[in-house]
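Trainee: okay, predicted coordinates and the sequence, questions at the end:
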Amino acid sequence: MKLSLILILLFAIIIAVFAVQNIAQVTVTLLFWKVEVSLVIVILVALTFGAIMVFLIDLGARIGISKERKELNAKVSQLTEENERLRKASGPKSAPAAQSATVTKDGETPKDTP
């Protein structure tokens, strides 16, 4: 189970307990309207609006990240094609140079063995 799911469930339980313990009637005033409702309803409506706002903000960020990822993937494809084209244009001379630039996991260049 993901940690985020556990935290969300824990938060929901805490909110539910808080709401059940606060069932008193309250007067909610918004501009010219006055409504008398249960505190539980006020809490749940406020939480719902907050969750919707967080979702919309996160959705906007995800759309931006997705757009940037597509642009970067296109750039990688373009650079890969250009790299292949340049390797073909330079001929077989570039193959040994590319091999000598290989780096091992240790960060060292491999040593030629006789």
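Mentor: On my side now, so go ahead. Numbering: from 1, shown residues only.
Trainee: which residues in the protein form helices?
Mentor: 3-21, 39-90, 94-100 (DSSP state H).
Trainee: what angle separates the first one from helix 39-90?
Mentor: Computed by axes from the mean of the first three to the mean of the last three Cα atoms, to 10 degrees, the angle separating helix 3-21 from helix 39-90 equals 170 degrees.
Trainee: returning to what we had before: export the helices of the chain to TSV and append columns for distance to L31, mean pLDDT and mean neighbour count.
Mentor: Just so you know, the C-beta spots here come from the backbone N, C-alpha and C atoms, and that holds for glycine as well. As requested, the helices of the chain are arranged in TSV below (distance: least, Cβ to Cβ, whole Å; pLDDT from 0 to 100; neighbours: other Cβ atoms under 10 Å):
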stretch	distance to L31	mean pLDDT	mean neighbour count
helix 3-21	25	85	11
helix 39-90	16	90	11
helix 94-100	71	50	10
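Trainee: adding distance to V28, write the ones you listed out as TSV.
Mentor: Formatted as TSV, those follow (distance: least, Cβ to Cβ, whole Å):
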stretch	distance to V28
helix 3-21	15
helix 39-90	6
helix 94-100	71
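Trainee: nearest to L30, of those helices?
Mentor: Each of these has some distance to L30 by Cβ to Cβ; the shortest is helix 39-90, at 11.2 Å.
Trainee: which other helices and strands contact that closest one?
Mentor: helix 3-21, strand 25-30 (3 or more Cβ pairs under 8 Å, 6 or more residues apart in numbering; DSSP states H and E).
Trainee: on that earlier part again, of the helices of the chain, which approaches W33 most closely?
Mentor: helix 39-90 (13.7 Å).
Trainee: got the angle for that closest one vs strand 25-30?
Mentor: Angle, helix 39-90 to strand 25-30, by the same axes, to 10 degrees: 50 degrees.
Trainee: re the thing from before, now the helices and strands packed on helix 39-90 in CSV, with distance to Q78?
Mentor: Compiled in CSV, these are given as follows (distance: least, Cβ to Cβ, whole Å):
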stretch, distance to Q78
helix 3-21, 37
strand 25-30, 54
